[in-house]
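1. Fold the stuff below for me.
(4 chains)
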There are 4 protein chains.
Amino acid sequence: MSSDAVMPTLRAFVAERDWAQFHSPENLAKSIAIEAGELLEEFQWSPEFDEDRVRLELADVLTYCYQLADRLGVDPEAIILEKLAITREKYPADKARGRSAKYDEL
Amino acid sequence: MSSDAVMPTLRAFVAERDWAQFHSPENLAKSIAIEAGELLEEFQWSPEFDEDRVRLELADVLTYCYQLADRLGVDPEAIILEKLAITREKYPADKARGRSAKYDEL
Amino acid sequence: MSSDAVMPTLRAFVAERDWAQFHSPENLAKSIAIEAGELLEEFQWSPEFDEDRVRLELADVLTYCYQLADRLGVDPEAIILEKLAITREKYPADKARGRSAKYDEL
Amino acid sequence: MSSDAVMPTLRAFVAERDWAQFHSPENLAKSIAIEAGELLEEFQWSPEFDEDRVRLELADVLTYCYQLADRLGVDPEAIILEKLAITREKYPADKARGRSAKYDEL
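-> Below is the predicted model:
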């Protein structure tokens, strides 16, 4: 389970600004994609990057992910673990070791 | 701070498959954008959505975000709070209330 | 100006399937981002790529771009040239030569 | 086939700035995803949009798509038509009419 600190803080931030009206799951999914693009821009022309800028862009993606999780009524860290159990099945360690192939090509 | 449970579990999953070699920050940033696109696909033609599918796609985005945070040596929930403090300055509650405008248009 | 062949063919394809109802500008913008993610997936773990797969993923992005241009009532190649004139101003050849920096850092 | 005007103009623009060194297929794929995110940002909180801004963001996506096509040695409009022939097979008009379902759900 995620810590108790972040979600109430994010909720208060949104409530103070009356922004929940904009935070439909669809709009949050768009926002995650938009921020993921901004994060990727830090690597647009080179694998080298600025740590501070990348950290703050990553924080933007994470923030919208947490807000979407909250709209779905789920805990961010719990769903990471839920999905990991599925991925373990699709990518058994002995078959997937050292390979980046998709599961249907293993 | 994030809970203690998730990051060690993710690290073990990657180590068992010898996948750290693929997880450069650049590749993780690409992966976040790719998974964000898959999440968005759940809303491609309509704001209506399937909760189970959205939850699992969101988990994929979150997983790569956690892995990038780990590569940067930072805690996911700590950087959400770090960025929130910056966003508070850019979007004061009294100016931003009920508006979706960007900060430079407030 | 783009050739005369493609747009009428795309329009007929959409009309035969009665899909114009789904092709709002917003949905087409989502679709472009989704397909851009699929294109990027071809490069997820390596700069090496499969030419056939990349070509077909690129075609998907282009198809939705053409459809959005059509919804806006503009010609795809005309707007490339319109934007290029703006970019020329922001990135003068003598300042931008051999540099990938953004215009506000030149 | 695309018109004869755009590709030579784009090539000259890149050559004058010595930017071909940055335009690997991987970097162009990243750039397409980044610009697709900026286009999507025009629709972040609402389906309403500013025509001028959307047109110019779409032009950015198209420009990188044309440059990637050029790197692959293919014509943008030719590959749209190539892919359309494949999509016709996957989405027969009589089955797909008025439905936004994916081909494997038709």
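2. Can you give me the buried ones in stretch A:60-76?
-> Judged by neighbour count (16 or more other Cβ atoms under 10 Å in any protein chain shown), stretch A:60-76 contains these buried residues: A:60-72, A:74-76. From N, CA and C alone the C-beta is placed, and that goes for glycine too.
3. Any residue of the lowest-mean-pLDDT helix or strand in chain A touching chain C?
-> Counting by mean pLDDT, DSSP states H and E, chain A has its least confident helix or strand at helix A:93-96, which shows a mean of 92. No. Using Cβ under 8 Å from any Cβ of the partner chain, helix A:93-96 stays clear of chain C, with a minimum separation of 12.6 Å.
4. who's in contact with the residue lying closest to A:D50 once chain neighbours are set aside?
-> The shortest distance from A:D50 to any non-neighbouring residue, by Cβ to Cβ, 6 or more residues apart in numbering or on different chains, is to A:E42 (6.7 Å). Going by Cβ atoms under 8 Å, 6 or more residues apart in numbering or on different chains, A:E42 touches A:F49, A:D50, A:R53, A:V54, A:E57, B:A29.
5. Wait, the last one touches A:E41, no?
-> Right, the one you point to is B:A29. No. Applying Cβ atoms under 8 Å, one finds B:A29 not in contact with A:E41, separated by 9.0 Å.
6. Compare those two (neighbour count), which wins?
-> B:A29 (28 against 21; other Cβ atoms under 10 Å in any protein chain shown).
7. sec struct for the more buried one, please.
-> Classification of B:A29 using DSSP: H, G, I helix; E, B strand; the rest coil returns helix.
8. measure it to chain D for me?
-> Distance, B:A29 to chain D, by Cβ to the nearest Cβ, to the nearest Å: 9 Å.
9. what's near enough to touch that residue?
-> Going by Cβ under 8 Å, 6+ apart, B:A29 touches A:A36, A:L39, A:L40, A:E42, A:F43, A:V54, B:L68.
10. among those, who's most crowded?
-> Neighbour max across these (other Cβ under 10 Å) = A:A36, 35 neighbours.
11. May I have the phi/psi pair for it?
-> phi -60, psi -30 (degrees, to the nearest 10).
12. For A:F43, give its distance to chain B.
-> Distance from A:F43 to chain B, by Cβ to the nearest Cβ: 4 Å.
13. Look up the closest residue to that residue, ignoring the ones flanking it.
-> B:E26 (4.4 Å).
14. Touching, that neighbour and A:F49? I think so.
-> Yes. Look at B:E26 against A:F49 with Cβ under 8 Å: they come within range, at 7.3 Å.
15. Next, show the common contact partners of the two.
-> By Cβ under 8 Å, 6+ apart, the residues touching both B:E26 and A:F49 are A:F43.
16. Check the offset of the longest helix along chain A from the chain's centre.
-> Looking across chain A with DSSP state H, the single longest helix is helix A:51-72. Between the centre of helix A:51-72 and the centre of its chain there are 6 Å (Cα atoms, centre = their mean, to the nearest Å).
17. Name the next helix or strand following it along the chain.
-> Under the assignment DSSP states H and E, the closest C-terminal helix or strand after helix A:51-72 is helix A:76-90.
18. and the angle from that following helix to helix A:51-72?
-> Calculated by axes from the mean of the first three to the mean of the last three Cα atoms, to 10 degrees, helix A:76-90 forms an angle of 90 degrees with helix A:51-72.
19. Next one: helix A:76-90, is it in contact with chain B?
-> Yes. Shown here: helix A:76-90 in contact with chain B (Cβ under 8 Å from any Cβ) through A:P76, A:E77, A:I79, A:I80, A:L81, A:E82, A:K83, A:L84, A:I86, A:T87, A:R88.
20. Please point out which parts of that helix sit buried.
-> Buried residues in helix A:76-90 (16+ other Cβ under 10 Å): A:P76, A:E77, A:A78, A:I79, A:I80, A:L81, A:K83, A:L84, A:T87.
21. Read off the pLDDT value for A:G73.
-> What the model reports as pLDDT for A:G73 is 97.
22. where does it sit relative to chain C, distance-wise?
-> 24 Å.
23. same check, this time on A:A85
-> 22 Å.
24. For A:L84, which residues are in contact?
-> B:T9, B:L10, B:F13, B:T63.
25. what's near enough to touch the closest residue to A:T63 other than its chain neighbours?
-> Among residues not flanking A:T63 along the chain, B:I80 sits closest, at 5.3 Å (Cβ to Cβ, 6+ apart). If you count contacts by Cβ under 8 Å, 6+ apart, B:I80 has them with A:V6, A:L10, A:A59, A:L62, A:T63, A:Y66.
26. for those, which one is nearest chain B?
-> A:A59 (3.6 Å; Cβ to the nearest Cβ).
27. quick one on the thing from earlier: in TSV, list the contacts of B:I80 along with pLDDT.
-> Shown next, in TSV, are the contacts of B:I80 (pLDDT from 0 to 100):
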residue	pLDDT
A:V6	95
A:L10	97
A:A59	98
A:L62	98
A:T63	98
A:Y66	98
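28. Rebuild those as TSV, extending it with distance to C:K95.
-> As requested, those are arranged in TSV below (distance: Cβ to Cβ, whole Å):
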residue	distance to C:K95
A:V6	43
A:L10	42
A:A59	32
A:L62	36
A:T63	36
A:Y66	41
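29. Chain neighbours aside, what residue packs nearest to the residue in chain A positioned nearest to chain D?
-> Relative to chain D, the nearest point of chain A is A:G37 (2.3 Å; Cβ to the nearest Cβ). The shortest distance from A:G37 to any non-neighbouring residue, by Cβ to Cβ, 6+ apart, is to D:G37 (2.3 Å).
30. Distance from the helix or strand containing the one you found to the middle of the chain?
-> Using DSSP H and E, the element containing D:G37 is helix D:25-41. Computed by Cα atoms, centre = their mean, the chain-centroid distance of helix D:25-41 equals 10 Å.
31. Can you give me the buried ones in it?
-> Neighbour-count burial for helix D:25-41 flags D:25-41 (criterion: 16+ other Cβ under 10 Å).
32. ditto for stretch A:2-11
-> Applying 16+ other Cβ under 10 Å to stretch A:2-11 flags A:S2, A:V6, A:M7, A:L10 as buried.
33. export the residues you listed to a markdown table and tack on distance to B:K95?
-> Compiled in a markdown table, those are given as follows (distance: Cβ to Cβ, whole Å):
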| residue | distance to B:K95 |
| --- | --- |
| A:S2 | 30 |
| A:V6 | 24 |
| A:M7 | 25 |
| A:L10 | 19 |
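34. Can you show me the CA trace of the least confident helix or strand of chain A as PDB?
-> Written as PDB, here are the backbone C-alpha positions of helix A:93-96 (Å, rounded to 0.1, in the frame of the first residue of the first chain):
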ATOM      1  CA  ALA A  93      12.300 -15.700 -15.300                       C
ATOM      2  CA  ASP A  94      13.900 -18.600 -17.000                       C
ATOM      3  CA  LYS A  95      12.500 -17.700 -20.500                       C
ATOM      4  CA  ALA A  96      12.700 -14.000 -20.300                       C
END
